[in-house]
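>>> below is the sequence, then the predicted model.
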Amino acid sequence: MTIKHYYQDQYSTSLTTTILTQNTDENGQYVTLKETIFYPTGGGQPHDTGTISSIPVTQVEEVDGEIRHYLQEAITTSNTEVVTTINWQRRHDHMQQHAGQHILTAAFAESLDYETISFHLGTDICTIDLATSKLLEEEAAKAEQLANQIIQEARPIETKWITADELHQYPMRKQPTVSENIRLVIIPDFDYNGCGGTHPSSTSEVGSLKILHWEKHKDGTRLSFVAGDRVLTQLEKKHKTLQQLTSLLQSPEESLVLAGEKILHKQKEQDQEITQLKEQLSQYEAKELAAVCRENGQPLIATFENRSIKELQTLAQKIITTETKAIVALLVQNEDKLQFVFAKGEDIELDLRPVAKQLMEKINGKGGGKPNLVQGGGEAILPIQEVKMFVAELVK
């Protein structure tokens, strides 16, 4: 069995050890080692990366009790002694985030009695799921303040291996998921938690913690946060965005919200004006097409480009409202799609659904509707003028 050196010294970045086995599974080529500094995926914490004999380690998983180090390529040397090195920046980041999660979870439990259901350590942002359907701004601020207080107090973060019989000696927030070889991560007088992850030896190493946002998730609340160096990364990212917005909106930072509201209000007014103009245009267009129907006494077949199916539906309905003896076929090509609307006035004895079905078969399409109004669409595999001629034959 591999000795888990990362439990003995989470700060160790390099180790010379011996290859026990080299094999392949569905995830690729892997080796097992006599002892390892590589933390495998588990407990919400991603695996370490690094190198073994200068070959990149892409994944580390614990499978059937053995820790498998998946490699970018096989180790070809006959020497079983290898030098292993982890990506310290990644390891330290995971230590900061995981410890930050312990502290934040305990802060919510301590100050608000909100239990954490699950934890995810993402590439850029971490999340915890809280057992509360609603989280208020002042509640999140209270928990965040307590968490940062614990970080600034530089409390020790201790680990201890205990048995199930010893559990009663510790004020656990929830029972461990294992019944033997129980590893506790302890922040004295604040948090006692069963955990197999890597953590710094002091809360001060977490640096700081910032809650970003939260949202309703199932029956609870999913909260996003960052800790450690990620706080600075987020600060830099948001500061750059604010600088760009300040320049773009020609407004000082403290007035950006007001400037944004003004733009949105103006946009809303413009959208309403555009909607009114489109309605007027539709009315004029419908009158012109209705006049064509009256003059010709033939089915109206018209083609368009870059018009929505909703616009064609509105146009067709306006025409048949005034022209009760009209048959209308409106066709539109939008890039590689061909769409259509067929409509008829109330004095016409014709079910348009079989007509639409024949066109849909021609263009590999689908659609539906009522006897007097159908719509659908398919592939623009035929020139629209050819489709127009085909429809003309169907409705003549």
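Perfect, thanks for sending it.
>>> next, the buried residues of stretch 46-64.
46-53, 55, 57, 59-62 (16 or more other C-beta atoms under 10 Å). Backbone N, C-alpha and C define where each C-beta goes, glycine included.
>>> again with stretch 114-130
Those buried within stretch 114-130 under the rule 16+ other C-beta under 10 Å are 114, 116, 117, 119, 121, 126, 127, 128, 129, 130.
>>> what's the end-to-end length of it?
Terminal residues of stretch 114-130 are spaced 6 Å apart (C-alpha to C-alpha, to the nearest Å).
>>> that one - what's its average pLDDT?
Regarding stretch 114-130, the rounded mean pLDDT is 95.
>>> list of residues touching that stretch?
When contacts are taken as C-beta atoms under 8 Å, 6 or more residues apart in numbering, the neighbours of stretch 114-130 outside the stretch itself are 44-46, 94, 97-98, 100-101, 104-105, 108-109, 131-132, 135, 139, 143, 173-174, 212, 214, 217, 220-227, 230, 233.
>>> mind redoing it with 6 Å?
44-45, 97, 101, 105, 108, 131-132, 220-225 (C-beta atoms under 6 Å, 6 or more residues apart in numbering).
>>> need the max-distance pair from the buried residues of stretch 46-64.
Farthest-apart pair in those is 46 and 53; separation 22.8 Å (C-beta to C-beta).
>>> on that earlier part again, show me which of the buried residues of stretch 46-64 is closest to residue 256.
Sorting these by how near they are to residue 256, with C-beta to C-beta, puts residue 46 at the top with 35.7 Å.
>>> tell me who's in contact with the closest one.
Neighbouring residues of residue 46 by C-beta under 6 Å, 6+ apart: there are none.
>>> give the contact list for the closest residue to residue 3 other than its chain neighbours.
Residue nearest to residue 3 in three dimensions, not counting chain neighbours: residue 35, with 3.7 Å by C-beta to C-beta, 6 or more residues apart in numbering. The contact partners of residue 35, by C-beta under 6 Å, 6+ apart, come to 3, 5, 17.
>>> one step back: which of the buried residues of stretch 114-130 fall in strands?
116, 117, 119, 121, 126, 127, 128, 129, 130 (DSSP state E).
>>> for those residues, work out which two are farthest apart.
With C-beta to C-beta as the measure, no two of these lie farther apart than 121 and 130, at 16.3 Å.
>>> related to what we said a few turns ago, ok, of the ones in strands among the buried residues of stretch 114-130, which one's closest to residue 311?
Each of those was scored against residue 311 by C-beta to C-beta, and residue 127 proved nearest at 42.3 Å.
>>> could I get the full set of helices for the stretch 101-250 of the chain?
Using DSSP state H, counting those that start in this stretch, the helices of the stretch 101-250 of the chain run over residues 137-152, 229-249.
>>> output these as JSON lines; include the columns distance to residue 178.
What follows is the helices of the stretch 101-250 of the chain, written out as JSON lines (distance: least, C-beta to C-beta, whole Å):
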{"stretch": "helix 137-152", "distance to residue 178": "26"}
{"stretch": "helix 229-249", "distance to residue 178": "30"}
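>>> and of those, who's closest to residue 353?
When the helices of the stretch 101-250 of the chain are compared by C-beta to C-beta, helix 229-249 sits nearest residue 353, at 51.9 Å.
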